[in-house]
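Peer 1: quick one, fold the following:
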Amino acid sequence: MKGRSCGLFLCLFLGIACFSGYQVLRILHEYRVGADAYFKLEQFASLPPASEETEETPAELAWPEVDFTALAAVNPDVTAWLYGPDTGISYPVVQGTDNDYYLDHLLDGTANSAGCLFVDTSCRPDFSGRNTVIYGHRMKNGTMFAALGNYQEQVYYDAHPVFLLVTPEGRYVVELFSGYVADTAESAWMLDFSDEQAYLAWLEEVGEKSAFSSKVSPRAEDRVVTLSTCSYEFENARFVLHGVLRPEEE
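Peer 2: Now for the predicted structure:
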């Protein structure tokens with residue numbers, strides 16, 4: 001009887017081990033498929049070599065050259081390309097008809113946990129609203145918005161103070177001014193403001209929560225881009241990064 005119990009336990013243990021191994025392999029395969037899919041999309045957004053930086057001459061921003069016509073042929077939901085110099089973030093941004101589909105679908109419609117970077121469906125697709133929210137997963141393999149959590153450190157912000165946003169209409173520098181862990185019940189994702197004073201009060205509120213210090217001072221006429229991803233400090237935690245949208249020529 002004892003031998004039979006040991007045998008059953010061994011079978012159960014082996015069954016659990018096999019299932020766990022299968023799950024790990026499935027996740028790794030999904031990661032690889034997602035990473036390969038986005039690697040292939042880099043053909044639509046080439047980066048010129050960065051200029052050399054010296055004390056006398058700061059390096060110029062190296063903008064992605066994006067072929068939106070080709071991207072639209074893959075998926076007409078593409079609205080922009082987001083690039084964070086030296087952060088590992090360089091992805092197309094889409095906007096769907098809801099905030100669910102692109103949580104687990106790649107740009108070509110393939111089901112995958114990496115999903116896409118996507119604009120909140122309530123925002124204007126041309127980033128002309130006062131606050132445009134872009135969501136993305138914090139993937140454990142370091143892809144998508146995984147790097148956003150690094151902005152909890154001042155030294156990381158100092159080395160990566162801007163993102164670049166390219167749209168079919170123009171190019172924008174996203175000057176980061178605040179980043180912090182937020183509960184989903186907080187105001188980080190507010191899109192509608194009753195008047196200018198309400199907007200200024202919101203800018204002050206989110207600025208005061210920042211984990212890093214910034215010299216960027218948003219104005220009433222400024223537009224903000226908010227990057228949002230998961231965080232794990234508590235239930236419903238998110239890491240959000242706010243930046244002022246400046247046209248390239250400013």
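
Peer 1: low-confidence bits of this structure, can you list those?
Peer 2: 1-29, 31, 33-34, 48-59, 250 (pLDDT under 70).

Peer 1: quick one: the helices in it, in order.
Peer 2: In the chain, the helices defined using DSSP state H lie at 2-41, 68-74, 154-159, 196-208.

Peer 1: hmm, residue 183 is touching residue 239, no?
Peer 2: No: proximity of residue 183 to residue 239 does not meet the contact threshold set by Cβ atoms under 8 Å, at 11.4 Å. The way it works is simple: take the backbone N, C-alpha and C, and place the C-beta from them, glycine included.

Peer 1: what about those two, which has more around it?
Peer 2: Neighbour totals were compared for residue 183 and residue 239, and residue 239 leads with 24 against 13 (other Cβ atoms under 10 Å).

Peer 1: what separation is there between that one and residue 227?
Peer 2: From residue 239 across to residue 227, the span is 9 Å (Cβ to Cβ, to the nearest Å).

Peer 1: same thing with residue 195?
Peer 2: 26 Å.

Peer 1: who's more crowded, those two?
Peer 2: residue 227 (25 against 8).

Peer 1: quick one: contacts for the more buried one?
Peer 2: Taking Cβ atoms under 8 Å, 6 or more residues apart in numbering as the contact definition, residue 227 lies against 82, 134, 136, 145, 148, 163, 240, 241, 243.

Peer 1: of all those residues, which comes closest to residue 120?
Peer 2: Closest to residue 120 out of those is residue 134 (7.8 Å), distances taken as Cβ to Cβ.

Peer 1: check contacts around that closest one.
Peer 2: The contact partners of residue 134, by Cβ under 8 Å, 6+ apart, come to 82, 93, 117, 118, 119, 120, 225, 226, 227, 228.

Peer 1: which among those end up buried?
Peer 2: 82, 93, 117, 118, 119, 120, 225, 226, 227, 228 (16 or more other Cβ atoms under 10 Å).

Peer 1: closest to residue 68 out of these?
Peer 2: Compare each of the buried ones among the contacts of residue 134 with residue 68 using Cβ to Cβ and the shortest gap goes to residue 93, at 11.3 Å.

Peer 1: quick check: chain neighbours aside, which residue is closest to the closest one?
Peer 2: Distance criterion Cβ to Cβ, 6 or more residues apart in numbering; nearest residue to residue 93, sequence neighbours excluded, is residue 80 at 4.2 Å.

Peer 1: can you pull out the strands in this structure?
Peer 2: Assigned by DSSP state E, the strands in the chain fall at 45-46, 65-66, 78-84, 89-94, 117-119, 131-135, 162-166, 171-183, 223-230, 237-247.

Peer 1: CSV for the ones you listed, including distance to residue 199?
Peer 2: Compiled in CSV, the strands of the chain are given as follows (distance: least, Cβ to Cβ, whole Å):
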stretch, distance to residue 199
strand 45-46, 32
strand 65-66, 30
strand 78-84, 22
strand 89-94, 23
strand 117-119, 19
strand 131-135, 8
strand 162-166, 20
strand 171-183, 14
strand 223-230, 9
strand 237-247, 13
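
Peer 1: so which of those is nearest residue 102?
Peer 2: For residue 102, the closest of those is strand 117-119, at 4.1 Å, according to Cβ to Cβ.

Peer 1: show me what the closest one is in contact with.
Peer 2: Contacts of strand 117-119 with the rest of the structure, by Cβ under 8 Å, 6+ apart, involve 79-80, 82, 91-96, 99, 102, 125, 132-136, 144-145.

Peer 1: swap in 6 Å and give it another go.
Peer 2: 91, 93, 94, 95, 102, 134, 135, 136 (Cβ atoms under 6 Å, 6 or more residues apart in numbering).

Peer 1: list residues touching both of residue 239 and residue 227?
Peer 2: residue 148.

Peer 1: CA atoms only for stretch 172-189, dumped as CSV, please.
Peer 2: What follows is stretch 172-189 as a C-alpha-only set of coordinates in CSV (Å, rounded to 0.1, in the frame of the first residue of the first chain):
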residue,chain,number,x,y,z
TYR,A,172,7.0,65.7,-31.6
VAL,A,173,9.3,65.7,-28.6
VAL,A,174,7.6,64.4,-25.5
GLU,A,175,9.3,66.3,-22.6
LEU,A,176,8.9,64.2,-19.5
PHE,A,177,7.9,66.0,-16.4
SER,A,178,6.4,63.4,-14.0
GLY,A,179,6.5,59.6,-13.4
TYR,A,180,5.1,57.7,-10.4
VAL,A,181,3.2,54.6,-9.3
ALA,A,182,-0.6,55.3,-9.2
ASP,A,183,-3.7,53.5,-8.2
THR,A,184,-6.3,53.1,-11.0
ALA,A,185,-8.7,55.3,-9.0
GLU,A,186,-6.3,58.3,-9.2
SER,A,187,-6.5,61.1,-11.8
ALA,A,188,-3.5,60.2,-14.0
TRP,A,189,-5.8,59.1,-16.8
